[in-house]
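**Q** mind folding the following:
(2 chains)
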Amino acid sequence: MAKELQLRVNEKMRTVTAPPETPLLYVLTDELALQGPRFGCGLGQCGCCSVLADGAEIRSCITPTAKVVGKSITTLEGLPAYYAAKMKLAKSPELHPLQEALIAEQAPQCGYCYNGQIVKGAELLFKNPQPSEAQIRSAMNGHLCRCGTYPQILSAIQRASKAIRAAITEVGRG
Amino acid sequence: MDNGDNRSVFARRDFLKATGAVVVGFSVAPKAGAQEGGVAIRRGVVSGPPDEAEIDSYIAVHPDNTVTIFSGYVDLGQGGPTALRQIAAEELNLDFEQVSTVRADTFVSTNGFTAASRTAAIGGTQLRAAAAEARRVLLTLASDRLKAPVQELTVARGIVSVKTDPTRSISYGELLGDKAFNRRYEAISYTGGIELPRTNPNNAPAKARTEYKIVGTRIPRPEMHDKVSGKYVYVQHVRLPGMLHGRLVWPRGQGPYGVAPKVIAVDEQSIADISGIRIVRRNNFVGVAAEHEWDAVRAAKQLKVTWAPAPMTLPGDAALHDSYRTAKTKDIVVTNAGDVEATLKQAAHVVSGTYRGPYQSHGTMAPNCAVADVTREGALVMCSDQGIYQIRGTLAKLLNLPQEKIRIQYYPGSNTFGSSCYRESAPAAAIMSQELGKPVRLQMSREDEFGWDNYGPAHLADIRAAVSNDGKLVAFEYQAWSHAGPITATVENLAFGSEPFVADTPTGVGLYQIRLSQNDMYDVPNRRLVDHRFSANGYLRIGALRAPLDPPYFFAQEGMMDELAYAARLDPYEFRKRNISHTRWLGVLKAVTDAAKWTPRVPASNLSSGKIAAGRGIAVGTHHLPMNQGDRITYAAAVVEIEVNKETGGISVKHVYGAMDCGLAINPGIVENQIVGMAVHGTSLALKEEVHFNQTNVTSLDWSSYQTLRFAEHPSVTPIVVQQIHEKSSGAGEEVLPAVVAAIGNAFFDATGVRMREFPLTPRRVLAALRSGTTSRSA
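**A** Numbers count the residues shown, from 1 in each chain, chains lettered A, B, ... in the order given. Prediction:
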């Protein structure tokens, strides 16, 4: 049975009506018209649907919506503001440093998996602003890319890591 | 162009009123309003394709001195439209930013089929000719207005000025501004992919390539920002008012080709607990639709449909290649030069081997999706088919509507690598919309996608070859087995209640011919190629998967070249230099070996006794050959460095060097991206990918049962573009792929001294090969 559920998505409270077991993905895409999280497998295997729940990456295609009530959901769209809040920046940048780095690397081909690549890469950089190559490879291993752009994503995470560390230094000074 | 606003702009009522003439998601119509003339005024209002012999079909000039090009070639993620914009900008002396593209649309676009690496090669060539004509018209107009002869004019950023007096100038926008060219010219046309010569001596000449400033540069792809920010609109994002979410219901995993699934019973009570579900049934087509997507997902899973049992006639994956041996074949001698038999009898070193490759899946990141709104008056279908005009024909038959009443708009999906299941989702959406009288969004499931794919063809090859003492290739015989590859949509068969096209005629069988007729690759005086073709019936559906058939073909051919080099105690690059005289093949080999700092060494001459054995391999590759692409050949070569764990059987590909000469590379950055992608994709094909099936159906239906290369496993990649500004542009999206697959097989031999003649090189096969100490096969 459909129920009213209160969700915190990208720092806004949203009310949706859906059966509580509905996977979060369908609520985000169909009820809230978000384009970041997207359907890839419905099995939690590929990572296209990833979002952050209280800062931890989850697969929205297999997460019942009721489970995230009371948590703070951040989607690709909310990532720059989330980054700004975490970094205590005065103003949210238009893009997260990893998004900037992916443009600089001209990384995406079809770009469909990039929602998950960015959400997961950002989670990694929040936890560890200076990951080694081995740590990046390991953290990102649950996100498939069929165009074969892993090498550019790896470079972009390394590039973003530098930018974030520079920003941390700046915030520290400021 | 992709702003997603169409969700609110689109109104079903408007669409009905205008019988399919509504403009969705782009703004050509306002500009077209001021235009006069045939093609231009019909654009967006009347069904295409527009007449290719009119400049207006390709190009429109606007008052703000910008230009729109109307190409049927679409962005599959490869950056093709960026390359087309560069070509138009170059030819018209505009900045890249002054040229834009619009969504491919059967009411707007020229006819283009974005497949077989055609975008730059064919689409670009046609556009260049149209743009050259357009520039000539614009210069003639300018000459009148500026009262100066054409040869005294110069153009920069679309502003024409008099060379000797730059104050006298006028822009394209002022000259034509939304008016039509109204000019016919001799377009470039193609038959079977081969460019036909033009006959009119007065065709506008294209710009001299030495003057290029935009073509040949690394212009960044403009869609990157939208792709990383989530603003890019994929077909999966499209929603229409009043729309239902549809899902297909068909057997889990396809059965043997030749017999379409048959419905015995549909138990509607089985989904009685899910409210508001509409079941669509047309012959053997079954679908479910609901207002809420999750309801449709649940209903599709839960609906009990009894299907006639699939015949148990598939050979199963383990016995696949053996079954080829007993197939009733049509044997075609493709090449027979010199005397192979006599040479094999007297040659210094004779080598023979049987090579095998599996069925492999497209494995698109996003299962296919389409949105259709079908009424009695017409149909609007939004989908990611690679050929908007091709799918229109399919839908006309299915919907019983004339083609001109069907409007197809291209919305990007994920990686495609070929036709995949594109031909299933749009027909399914259209059938459901027609039955339900509402717009339907049909989203395929991961299982639909893996289970009903047109797989890359499995292949079997017996090779016998010989090399002389001085390392000259003297004989090469290739006996090939592959079954037919008919491309028909299963959804069509289900809806019509018909059986699949019987694929045992020569035309049905010949889709992917083996082509060792590439006599300009290796100089071999005695060569024989026999193609054993047989019916698809009783096998799996195959289709165009990136460089169709070439991964197994080059794995075999280049594996055998490596075996011959070893037999002659030669370094494999040195062996190729002794047997290849074509400068462009030698060029990519030199480029790739330079990058990899290749030092001469006989394969397997540096074996390690440790647990980890390192090796390197080299191979050439291509895809299209003269028989279907004229003189537009792409030359590719790869070097790979691997490590084999002899205890686990795991292979780690550390580095891939890929070199490609695709003639004039319009945007070398885009070509490099393709090389990187092919290096990773090729590694995945070589090490991991294979479709699993038993006697009745395909069983690899998710990312766990169909394994692909993961992030942690990816190699470093060095892409090398061999630029040839005076050559024709040829394909750039397929050719390195087979070279990578083959080079990995050769690197395994170099590392271990054991030849594996079947891929993928999974740990199980590797351990079996290492145990047997020789080669090749395990179940």
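**Q** and the residue of the stretch 201-350 of chain B nearest chain A?
**A** At 3.4 Å from chain A, residue B:227 is the closest residue in the stretch 201-350 of chain B, using CB to the nearest CB. Using the backbone N, CA and C atoms, a C-beta is placed for each residue, glycine as well.
**Q** meant to ask about the stretch 651-779 of chain B
**A** For the stretch 651-779 of chain B, CB to the nearest CB, closest residue to chain A: residue B:680, 2.9 Å.
**Q** surely that residue is within a helix?
**A** Yes: under DSSP: H, G, I helix; E, B strand; the rest coil, residue B:680 sits within a helix.
**Q** could you find the closest non-adjacent residue to it?
**A** residue A:148 (2.9 Å; CB to CB, 6 or more residues apart in numbering or on different chains).
**Q** ditto for residue B:54
**A** Nearest non-adjacent residue to residue B:54, counting by CB to CB, 6+ apart: residue B:39, 4.9 Å away.
**Q** who's in contact with the one you found?
**A** B:50, B:51, B:54, B:56, B:57, B:180 (CB atoms under 8 Å, 6 or more residues apart in numbering or on different chains).
**Q** name the helix or strand for the fourth one, please.
**A** Secondary-structure element containing residue B:56, defined by DSSP states H and E: helix B:55-58.
**Q** repeat that for the first one.
**A** Residue B:50 belongs to no helix or strand when assigned by DSSP H and E.
**Q** ditto for residue B:41
**A** Using DSSP H and E, the element containing residue B:41 is helix B:38-42.
**Q** now that helix: average pLDDT?
**A** Over the span of helix B:38-42, the pLDDT mean works out to 78.
**Q** touching, residue B:122 and residue B:193? I think so.
**A** Yes: counting by CB atoms under 8 Å, residue B:193 is a contact partner of residue B:122 at 7.4 Å.
**Q** excluding chain neighbours, what is closest to the residue positioned nearest the centre of chain A?
**A** By CA atoms, centre = their mean, chain A has its centre lying nearest to residue A:119, at 2.1 Å. Excluding the flanking residues, the one nearest residue A:119 by CB to CB, 6+ apart is residue A:50, at 4.3 Å.
**Q** what's opposite the one you found in the beta bridge?
**A** Per DSSP bridges, the residues bridged to residue A:50 are residue A:59.
**Q** so what's the residue of the stretch 501-650 of chain B found nearest chain A up against?
**A** Closest residue of the stretch 501-650 of chain B to chain A, CB to the nearest CB: residue B:546 (10.5 Å). By CB under 8 Å, 6+ apart, the contact list for residue B:546 reads B:417, B:418, B:456, B:681, B:733, B:734, B:737.
**Q** rerun at 6 Å
**A** Contact analysis of residue B:546 by CB atoms under 6 Å, 6 or more residues apart in numbering or on different chains lists B:417, B:418, B:734, B:737.
**Q** quick one: it and residue B:355, what's the gap?
**A** Note on residue B:546: its distance to residue B:355, by CB to CB, to the nearest Å, is 19 Å.
**Q** please apply the same query to residue A:163.
**A** Counting by CB to CB, the gap from residue A:163 to residue B:355 is 48 Å.
**Q** between those two, who's got more neighbours?
**A** Set residue A:163 next to residue B:355 and count neighbours by other CB atoms under 10 Å in any protein chain shown: residue B:355 wins out with 26 against 17.
**Q** that one against residue B:557, yeah?
**A** No: contact criterion CB atoms under 6 Å: residue B:355 and residue B:557 do not qualify, at 8.6 Å.
**Q** how does chain B divide up, domain by domain?
**A** Domain assignment for chain B by automatic domain parsing gives B:6-232, B:236-311+B:362-451, B:317-360+B:454-772.
**Q** next one: chain A
**A** According to automatic domain parsing, the ranges for chain A are A:3-77, A:78-173.
**Q** reformat these as CSV; add mean pLDDT.
**A** Below are those laid out as CSV (pLDDT from 0 to 100):
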stretch, mean pLDDT
domain A:3-77, 98
domain A:78-173, 96
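**Q** might one say that residue B:769 is in contact with residue B:754?
**A** Yes: counting by CB under 6 Å, residue B:769 sits close enough to residue B:754 to count as a contact (5.2 Å).
**Q** phi first, then psi, for the nearest residue to residue B:348 once chain neighbours are set aside.
**A** Excluding the flanking residues, the one nearest residue B:348 by CB to CB, 6+ apart is residue B:469, at 4.5 Å. Dihedral pair for residue B:469: phi -60, psi -30, per degrees, to the nearest 10.
**Q** what's the neighbour count on residue B:469?
**A** Residue B:469 is flanked by 10 other residues according to other CB under 10 Å.
**Q** each with direction, which strands does whichever helix or strand residue B:442 is part of pair with?
**A** According to DSSP H and E, residue B:442 maps onto strand B:440-443. In the sheet containing strand B:440-443, its partner strands are strand B:244-249 (parallel), strand B:369-374 (antiparallel), by DSSP bridges.
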